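Novice: Structure of the sequence below:
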Amino acid sequence: MIEFCSLNENNYKEVARIDRESLGDESWSEALYKNEIGRSEKVYVVARLDGITVGFGGFAQVFDEGHIMNIAVESNYRKRGIARQIMDEMIRVGEERGIRSFTLEVRESNIGAIALYEKKGFTLAGVRKKYYGGKEDARIYWLYL
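Specialist: Numbering: from 1, shown residues only. Predicted coordinates for the structure are as follows:
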């Protein structure tokens, strides 16, 4: 069963590794994740299975809105519903913090993530042209709670 914890001194390196595995050159550094620990406007949900960090998601809170910055699952643990569970936990925590809506950007080519977001009730609100590296468009989604 998946257990959740916050980003902390014991897991930020694993979070950075999973991000690097998922995004390559576009991933965030270990130093950036370390700097995020304890920031009141940032929320990270770290998923653990049998004591192993297998994925994470993070959002920034601005008043009653949550901007989902990232969701990633280690490649060996994908296709097991972990990303959905991370999303569910972020929404649960967001609601506890008074968030009334979430937004995110996703690559047009990331069909799996788009399917997850739409299944969770996110609706397409627009497109940012050439958002990713000046090459790929981003779809902008919103979820209203």
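Novice: so after the longest helix seen in the chain, what's the next helix or strand?
Specialist: Counting by DSSP state H, the longest helix found in the chain is helix 82-96. The helix or strand immediately downstream of helix 82-96 is strand 101-107, counting by DSSP states H and E.
Novice: Other residues contacting the longest helix of the chain?
Specialist: Residues outside helix 82-96 that contact it (Cβ atoms under 8 Å, 6 or more residues apart in numbering): 2, 4, 43, 45, 47, 49, 54-59, 61, 66, 68, 71, 73, 102, 113, 116-117, 119-120, 143, 145. Heads up, the C-betas are built off the backbone N, CA and C, glycines and all.
Novice: just stretch 133-145 next, same as before
Specialist: Residues outside stretch 133-145 that contact it (Cβ under 8 Å, 6+ apart) are 26, 91, 94-95, 99-109, 114, 117-118, 120-132.
Novice: what bits of this protein have low per-residue confidence?
Specialist: Scanning the chain for pLDDT under 70 picks out no residues.
Novice: thinking again about what came up before, now, of the contacts of stretch 133-145, which are buried?
Specialist: Listed as buried from the contacts of stretch 133-145 are 91, 94, 99, 102-107, 114, 117, 122, 131-132; burial here means 16 or more other Cβ atoms under 10 Å.
Novice: Dump those residues to a markdown table, plus distance to Ser22.
Specialist: Formatted as a markdown table, the buried ones among the contacts of stretch 133-145 follow (distance: Cβ to Cβ, whole Å):
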| residue | distance to Ser22 |
| --- | --- |
| Ile91 | 21 |
| Gly94 | 22 |
| Ile99 | 24 |
| Phe102 | 20 |
| Thr103 | 20 |
| Leu104 | 15 |
| Glu105 | 15 |
| Val106 | 13 |
| Arg107 | 11 |
| Ile114 | 16 |
| Tyr117 | 16 |
| Phe122 | 19 |
| Tyr131 | 17 |
| Tyr132 | 13 |
